[in-house]
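Engineer: Sequence and predicted structure are below.
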Amino acid sequence: MPDLSFKQANALYIHFPFCSSKCPYCDFYSVKYSKKRVDLYWFALFMELEELSQKVDNNLLQTIYFGGGTPSLVPPFYIKEMIKLIRKRFRVTPTAEITAEVNPASINEEKIVALKRAGINRLSVGIQSFNDHHLSFLGRESSGEKNKKILNLVNNYFNNYSADLIFALPNQTLNELKKDLETLLSFKPPHISLYNLEIHENTPFYKRYNRGELKLPAEELDAEMYEFALEQLTAADYQHYEISNFAQRAYRARHNYIYWLFEPYLALGPGAAAFDGSCRSENIADLNHYLKYYNPEKLSFKEIIENNQLLDSVKKFNPNPEIKIRNLNCLSKKEQMAEYSFLALRTSAGIFYHQFYRKFDLEFKLVYKDEIKELKSSKLIKEGNERIYLTEKGKELANEVFLKFLLD
């Protein structure tokens, strides 16, 4: 990584780009699952980890996140060994949050136990719905009953986990969302992520939407669903600490919070994006290209670990300088201020003027004087105690607020 230089490493994201099937709404990079390719990939991941570790001054990690794709497809042995290697290359805080995303269709009690023994202390469970019709529409291979069974198992072994729920689906009624929320809240998950369905480019849903085959609920119903969910989650004593995220006390997602605080983070894998405080890098989203760069000899991670040959393999690693592995985008100060602002506004805390000044040596109220005035008059933000934050109306129209900073 010749153009990146990390003064610190607060978080590490590891992308697992394998799925058993592709959900039609998902725009994250993924390929068909293969045991052999996972083994080759894991060695490549370690080579990138080794490369990254040489680019960080203060290598203290607060969080580690295995995302995807479907990390729950990988045998827990690989997760365990990767966490061990991370601990050898980085200083990991004793209270570090170490999360793995899991799909109910590819997880069972044995794997849940194995993941905990491997060092995972938080799960992110892709529930999405308990309604079989909606699960089928979303391309999920699980069922409502399977989702309930998995949440019961997760509750038995993890005191820290998150559950995802998607709403505003085509033909979904408010009563169906109510049932989904009631079912989810009966398990009392420490953290809930609530998303309305978004149509992303380069997805099957995008093509169907453009052909007029997929119609989303009216904006009024979408807003009604969101407001209803807020009421129910607030009544259940969940803190609405970020636009799409709710947590019981002391269970906020620490890894995601690092993103929202505009702090540096590292990333491994094809399509994964890192940030060093001023420049963003994104690995090229192509597994074959990634393997060609980081594992050209097609070495088996499992064999190398079992034969204790990792150190020799690292010494022999010699990347081809002619192969471009990532794209780099360095932000101007103006772009940094804009990104900092809209990311901070995603959180309930909003933007504290003194923190903005400390970071950029500029007065927020002077830089964004016109934006503050317009957004306040539209009742999209509130100002008080030397900060601004979104109103309830602002949360519903958050993208409009963010555009005010990005288009300046």
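Structural biologist: Right, received. Where do you want to start?

Engineer: So Ala114 is in contact with Pro76, correct?
Structural biologist: Yes - with contact defined as Cβ atoms under 8 Å, Ala114 reaches Pro76; the gap is 3.6 Å. For glycine as for every other residue, the C-beta is placed from the backbone atoms N, C-alpha and C.

Engineer: neighbour count winner among those two?
Structural biologist: Ranked by neighbour count (other Cβ atoms under 10 Å), Ala114 and Pro76 place Pro76 first, with 20 against 16.

Engineer: Looks like the more buried one contacts Ile107 (just checking).
Structural biologist: No - using Cβ under 8 Å, Pro76 is not in contact with Ile107; the gap is 10.5 Å.

Engineer: Excluding covalently adjacent residues, which one is nearest to Val125?
Structural biologist: Distance criterion Cβ to Cβ, 6 or more residues apart in numbering; nearest residue to Val125, sequence neighbours excluded, is Ala163 at 4.9 Å.

Engineer: Show me what the helix or strand hosting that neighbour is packed against.
Structural biologist: Here Ala163 sits within strand 161-167, counting by DSSP states H and E. Using 3 or more Cβ pairs under 8 Å, 6 or more residues apart in numbering; DSSP states H and E, the elements in contact with strand 161-167 are strand 122-128, helix 174-186, strand 191-196, helix 219-235.

Engineer: Direction included, what does the first one pair against?
Structural biologist: Next to strand 122-128 in the sheet, as set by DSSP bridges, lie strand 91-102 (parallel), strand 161-167 (parallel).

Engineer: that older thread, how far away is the residue nearest to Val125 from Leu291?
Structural biologist: 33 Å (Cβ to Cβ, to the nearest Å).

Engineer: Compare the two (neighbour count), which wins?
Structural biologist: Ala163 (24 against 17).

Engineer: which residues make contact with the strand holding Ala163 from outside it?
Structural biologist: Among residues not part of strand 161-167, those counted as contacts by Cβ atoms under 8 Å, 6 or more residues apart in numbering are 122-129, 138, 151, 154, 177, 180-181, 184, 187, 189-197, 225-226, 229, 253.

Engineer: His240: what secondary structure?
Structural biologist: strand (DSSP: H, G, I helix; E, B strand; the rest coil).

Engineer: Can you report how many residues neighbour it?
Structural biologist: 18.

Engineer: now Ala105
Structural biologist: 19.

Engineer: Next up, the contacts around it.
Structural biologist: Ser20, Arg140, Glu141, Ser142, Lys146.

Engineer: Enumerate every residue touching the fourth one.
Structural biologist: Spelled out, that is Ser142. Ser142 makes contact with Asn103, Pro104, Ala105, Leu135, Ile150, according to Cβ under 8 Å, 6+ apart.

Engineer: Would you point out the most distant pair within those residues?
Structural biologist: Farthest pair in the contacts of Ser142 (Cβ to Cβ) is Leu135 and Ile150. Separation: 12.8 Å.

Engineer: ok, these two, which is more surrounded?
Structural biologist: Neighbours were counted for Leu135 and for Ile150 using other Cβ under 10 Å; Ile150 has more, 26 against 22.
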